[in-house]
Every structure is written in C-alpha cells, then in structure tokens.
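Enquirer: got a structure for you, letters missing:
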C-alpha cells in the first residue's frame, strides 16, 4: 500500500463517497414533509407514542405535588364540557347563600351557580342551596312565594 493511501497515523485511509443530501419527499405532493399536514400529523403521532409513558409519569408526579391546582384544573375542564360559564372569582371557603363551609358539604366543594337564561356566573353555592334555588325555578318569584309561605302564621 502506498503512503498516499495511508493517513498520518499509518492507518489505511478509507475514501468516502460523497452522497448528496436528500430530504424525504412528501408522498402527498408537498415540497417538504414539514409543509404537509398529513405528514406532520403522522410525525406528531409517532412522537406522541414514543414519549407517552415519559409524559404520563411527569403528569402523575405533577398531580401528586399539586392536588389543589389539579382539582381546579379538573373543575374548569368539566365546566367547559358542560357549557357552564367561567367564574369571575375564585371559589370561596363558604357558600355565598347560607354561609356553610365547603368542607361541611358531602362533596367537599361548592357548586358553580349560573343563570340558565343568560348563562352568566352568579356565585358559588353549596349543593343544598344550589338545588333549592333550582327547585324554586331559578327565579325571584319562586323564592318570594316560598318566603311568603314560610312567614304565614
């Protein structure tokens, strides 16, 4: 073997064949795969499947370390799905109608009360008050009639 074929260390030098850099082409007709929505979705799905367990462990750890924030996030998500309005203020420690503590209720939380006609948030009530107002027709007329009934002798 000649000296030209050996490198400075005396090892045999391998001639590399230069290959042109080719980007994978999109089978859907786009110039690049990154421009194609279908290819991007397939790549996102592949990445999701690959990182699913890692992300799930991180989520479980966060839930364990932030139980109050997790409960608020879950409540907000549930209300969005049910079409309820976004509260204008945070949940207080007591019912805004009777003053009963949220920890005294069976579910350990207050319900979001809203006007069914306008969809506007009214306040935070214990389940008993919320159901009571609902049973009286969600109207001041129903509450006045119940009050008159209770006040008669």
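Expert: In hand now; what should we look at? Since the structure is predicted, the reported quantities are computational estimates derived from the model, not experimental observations.

Enquirer: May I see the buried residues of the helix ranked longest in the chain?
Expert: As assigned by DSSP state H, the longest helix anywhere in the chain is helix 37-65. Using 16 or more other Cβ atoms under 10 Å as the burial criterion, the residues of helix 37-65 that qualify are residue 39. For glycine as for every other residue, the C-beta is placed from the backbone atoms N, C-alpha and C.

Enquirer: Moving C-terminal from it, which element do we reach first?
Expert: Of the helices and strands lying after helix 37-65 in sequence (DSSP states H and E), the nearest is helix 67-82.

Enquirer: just how off-centre is that following helix within its chain?
Expert: Using Cα atoms, centre = their mean, to the nearest Å, the mean C-alpha position of helix 67-82 is found 8 Å from that of the whole chain.

Enquirer: Could you do stretch 75-93 as well?
Expert: On Cα atoms, centre = their mean, the centre of stretch 75-93 falls 13 Å from the chain's centre.

Enquirer: so how far is the first residue of it from its last?
Expert: Length of stretch 75-93, first residue to last, Cα to Cα, to the nearest Å: 16 Å.

Enquirer: can you list the residues that contact that stretch?
Expert: 72, 101, 102, 103, 109, 110, 112, 114, 119, 120, 121, 124 (Cβ atoms under 8 Å, 6 or more residues apart in numbering).

Enquirer: Alright, calling it a day.
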